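> turn this into a structure:
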Amino acid sequence: MRPMAKSATPKSKSIAPLWAFIRITRPWNVLIIGGSMWAIRCALVVPNHEPALSEFSFWVTACIMMLLAAGGNVINDYFDVQEDAINKPKKALVGRVISRRKTLFFHHFLTGMAVVMSAVMSWDERSVWPFVWTVVMATLLWGYSPWFKRRFLRGNVVIALLVGQLPFWAVIGEIMDAHSHPFFSSNDGITLMIYAALSAALTFLREVTKDLQDREGDALTGFDTLAVRWGAQRTWRLLDWTHGLFWIPLIATSFFASYAFEVRWIVLCFLLPFAGTHIQLLRRRLISISAWQKLTLSGGIVFLLDLCL
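Model (predicted):
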């Protein structure tokens, strides 16, 4: 008599889809957004300025950004079902573990929550800007996969700009009160703008790297990305040149920052991670390059957290 096959328990059936829903939001990336906003507030606003937003209003703002980012990640997986089936078949969850219909509903829920919270915040702060800019961001994130990502360089630029503007949400109260608040005329405001610019530039490089990773699937599904149009060899050369040139603003910023901050943290948080990126670039290891680029972006958060503590 053959032994009976073990049947899946109801618990295992319910856990897998739930974990899949969590994974498609990219929870680590979402938490990094909230952590970076908190680090900016603690390091650049609280020590030398009177915060324009209360602690509660600030965390409402952080939640809006995290919900928007989670919704953007979900809708990206919704539209990229075909590409993900080619580029990363074992990691693809939409259409395999959870249906596309449920994925779309999940996106609407997350983004809808962000929009509603921004409307409440706009009403409370007597300013339309939180609501208007939230709607603009939600629209760009929705259009990224079906339109921007499929067209030459547009997707790379959109994501770079969205990442570059995120630090300013940590000081949105100061922005709404810019005519009377001294933040942006101080060294702290200049530091924030430099951090935002470097984040946008490095994100652009990371998006080009990801295009190179996904070149095969993008080509088969009709995407006109940089790597598809230029081919692998020319895209590699572009990454070589741009990463080489990126050392100039990185070293210049580190040099001037060394007058105000500890050199060891500048080296550990910025220079070493980017050196690791360059080493992996020379070795032509795409997955490692992307990981080191992400580590370099995270280094800025670690640096700000050190200032907080």
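> which one is Thr242 nearest to, not counting chain neighbours?
Spatial nearest neighbour of Thr242, chain neighbours left out: Leu205 (5.8 Å); criterion: C-beta to C-beta, 6 or more residues apart in numbering. No exception for glycine: its C-beta is placed from N, CA and C like everyone else's.
> ugh, wrong one, Pro17
Distances taken as C-beta to C-beta, 6+ apart place Ile98 nearest to Pro17, at 5.4 Å, with adjacent residues excluded.
> what about that neighbour, neighbour count?
21 (other C-beta atoms under 10 Å).
> phi, psi of it?
Main-chain dihedrals, Ile98, degrees, to the nearest 10: phi -120, psi 150.
> hang on, it packs against Trp19?
No. Look at Ile98 against Trp19 with C-beta atoms under 8 Å: they stay out of range, at 10.0 Å.
> strands of the stretch 201-309 of the chain, start to end?
Per DSSP state E, counting those that start in this stretch, the stretch 201-309 of the chain carries no strands over any range.
> got any ranges where it has weak pLDDT?
257-266, 305-309 (pLDDT under 70).
> thinking again about what came up before, enumerate every residue touching the residue nearest to Pro17.
By C-beta atoms under 8 Å, 6 or more residues apart in numbering, the residues touching Ile98 are Pro17, Ala20, Phe21, Ile24.
> can you list these in CSV and add neighbour count, pLDDT and distance to Trp241?
Putting these into CSV (neighbours: other C-beta atoms under 10 Å; pLDDT from 0 to 100; distance: C-beta to C-beta, whole Å) gives the following:
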residue, neighbour count, pLDDT, distance to Trp241
Pro17, 14, 78, 45
Ala20, 17, 88, 39
Phe21, 16, 92, 41
Ile24, 23, 93, 34
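> what residue is smack in the middle of this protein?
Val163 (5.4 Å; C-alpha atoms, centre = their mean).
> which members of the contacts of Ile98 occur in helices, if any?
Mapping the contacts of Ile98 onto helices (DSSP state H) picks out Pro17, Ala20, Phe21.
> of all those residues, which comes closest to Ala85?
For the ones in helices among the contacts of Ile98, the residue nearest Ala85 by C-beta to C-beta is Ala20; the value is 15.3 Å.
> can you tell me how far Leu274 sits from Thr235?
No Leu there; residue 274 is Phe. Counting by C-beta to C-beta, to the nearest Å, the separation of Phe274 from Thr235 is 19 Å.
> mind listing the residues bridging to the residue nearest to Pro17?
Applying DSSP bridges to Ile98 yields these beta-bridge partners: Val94.
> do you know the pLDDT at it?
Ile98 carries a pLDDT score of 90 in this model.
> the one 3 residues further on too?
The score at Arg101 is 93. That number is its pLDDT.
> all helices of the stretch 1-150 of the chain, in order?
If you assign secondary structure with DSSP state H, counting those that start in this stretch, the helices in the stretch 1-150 of the chain sit at 10-23, 27-40, 55-79, 81-87, 100-125, 129-144.
> to Val157, which of those helices lies closest?
Ranking the helices of the stretch 1-150 of the chain by their distance to Val157 (criterion: C-beta to C-beta) puts helix 129-144 first, at 10.6 Å.
> ok, then the element right after that closest one?
Toward the C-terminus, helix 129-144 is succeeded by helix 154-169 as the next helix or strand (DSSP states H and E).
> please identify the buried residues of that following helix?
By neighbour count, and taking 16 or more other C-beta atoms under 10 Å as the criterion, the buried residues in helix 154-169 are 154-156, 158-160, 162-164, 166-169.
> export the residues you listed to TSV and tack on distance to Ile190 and pLDDT?
As requested, the buried residues of helix 154-169 are arranged in TSV below (distance: C-beta to C-beta, whole Å; pLDDT from 0 to 100):
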residue	distance to Ile190	pLDDT
Arg154	30	92
Gly155	30	92
Asn156	26	94
Val158	26	94
Ile159	25	94
Ala160	21	95
Leu162	22	94
Val163	19	93
Gly164	15	93
Leu166	18	92
Pro167	12	91
Phe168	13	93
Trp169	18	93
